[in-house]
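>>> have a look at this prediction, sequence included:
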Amino acid sequence: MKKYKMLIFDMDGTILYTLEDLKNTTNYALNEHGFPERTLEEVRRFVGNGIHKLIERAVPEGTSDADIEAVFTTFEIYYKDHCMDTTRPYDGINDLLTKLRAKGYMTAVVSNKVDFAVQDLVKDFFIGQFDIAIGEREGVRKKPAPDSVYEVLKEFHLGKDEVIYIGDSDTDLDTARNAGVACIGACWGFRGRAFLEAHGAKLLAENVSDIWELIK
């Protein structure tokens, strides 16, 4: 008998490498408003709490709220057309999803990425591989609040002990803790093993294929 019925995946840094597109869009928006660009490593540190927080972190310290909103609006418009320029699934993700679903597991995405991008990316890269995908939406608290995880549990009539959450950041670890569900840290993502261990991760997957062994 399977220990878990569903695996819930974060998106950025867990199932998709999105960092280049996030960096390029951030720098486009910054340039449009006369602000200096950010490096890939800076953007890596800024992501994980939604694109508005990304922009808040990317603009120079002391930037006015009005200018932050202007940069954010430019980012959002540009990203709609450029969220798939260089984005790609991590090696082995589609094979893992196919295997999980063949063995009767349900799968979900819960992300702080804006919802329109989550839906587009799932349709483009993971046709038929997820039972539900949820992104950032108006009126719903973002991760690490457990709201979106609870939404998945309610939708599929699942108990907290029937799901496990997979993510690559401290936000994901905190989301799982706040929701009261088990968690696997994805070491291949934007933060890495040392960071995840330092933030209390107990189960760690060095590679995508390790997830199968950890849930058996």
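All right, it came through fine.
>>> the strands in the protein, which residues?
6-9, 16-17, 88-89, 106-114, 132-136, 163-167, 182-186, 203-205 (DSSP state E).
>>> now the first one: buried residues?
For strand 6-9, the neighbour count (16 or more other C-beta atoms under 10 Å) marks Met6, Leu7, Ile8, Phe9 as buried. For glycine as for every other residue, the C-beta is placed from the backbone atoms N, C-alpha and C.
>>> quick one on the thing from earlier: Ala58 is nearest to which of the strands of the chain?
strand 106-114 (15.5 Å; C-beta to C-beta).
>>> which neighbouring elements make contact with that closest one?
Secondary structure elements in contact with strand 106-114, counted by 3 or more C-beta pairs under 8 Å, 6 or more residues apart in numbering; DSSP states H and E, are strand 6-9, helix 93-102, helix 115-125, strand 132-136, helix 147-155.
>>> would you turn the buried residues of strand 6-9 into CSV with distance to Val122 and pLDDT?
Below are the buried residues of strand 6-9 laid out as CSV (distance: C-beta to C-beta, whole Å; pLDDT from 0 to 100):
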residue, distance to Val122, pLDDT
Met6, 16, 98
Leu7, 15, 98
Ile8, 13, 98
Phe9, 10, 98
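>>> among these, which one sits closest to Thr26?
Comparing these against Thr26 with C-beta to C-beta places Phe9 closest, at 23.5 Å.
>>> residue contacts, the closest one?
Neighbouring residues of Phe9 by C-beta atoms under 8 Å, 6 or more residues apart in numbering: Ile15, Thr107, Ala108, Val109, Val110, Tyr165, Ile166, Gly167.
>>> can you name the two of these that are farthest apart?
Longest span within the contacts of Phe9, C-beta to C-beta: Thr107 and Gly167, 13.9 Å.
>>> relative to helix 115-125, how tilted is whichever helix in the chain runs longest?
Longest helix of the chain, by residue count under DSSP state H: helix 65-82. Angle between the axes of helix 65-82 and helix 115-125 is 20 degrees (criterion: axes from the mean of the first three to the mean of the last three C-alpha atoms, to 10 degrees).
>>> what sits up against stretch 78-97?
14-18, 20-21, 24-25, 28-29, 51, 107, 114, 116-117, 120-121, 124-126, 129-130, 188, 207-209, 211-212.
>>> now the buried members of those.
For the contacts of stretch 78-97, buried by 16+ other C-beta under 10 Å: 14-18, 21, 24-25, 28-29, 51, 107, 114, 117, 121, 125-126, 129-130, 188, 208, 211.
>>> I'd say Ala70 and Phe35 touch.
No - Ala70 lies out of contact with Phe35 (C-beta atoms under 8 Å); the separation is 10.3 Å.
>>> could I get the strands of the chain as TSV with distance to Glu76?
Listed next are the strands of the chain as TSV, based on distance: least, C-beta to C-beta, whole Å:
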stretch	distance to Glu76
strand 6-9	23
strand 16-17	18
strand 88-89	22
strand 106-114	7
strand 132-136	11
strand 163-167	23
strand 182-186	26
strand 203-205	32
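>>> quick one: low-confidence residue ranges for this structure.
The model of the chain has pLDDT under 70 over residues 1.
>>> do that again at 80, thanks
Scanning the chain for pLDDT under 80 picks out the ranges 1-2.
>>> looking at the helices and strands packed on strand 106-114, which is buried most?
Counting by mean count of other C-beta atoms under 10 Å, strand 6-9 has the highest mean neighbour count of the helices and strands packed on strand 106-114, with a mean of 24.
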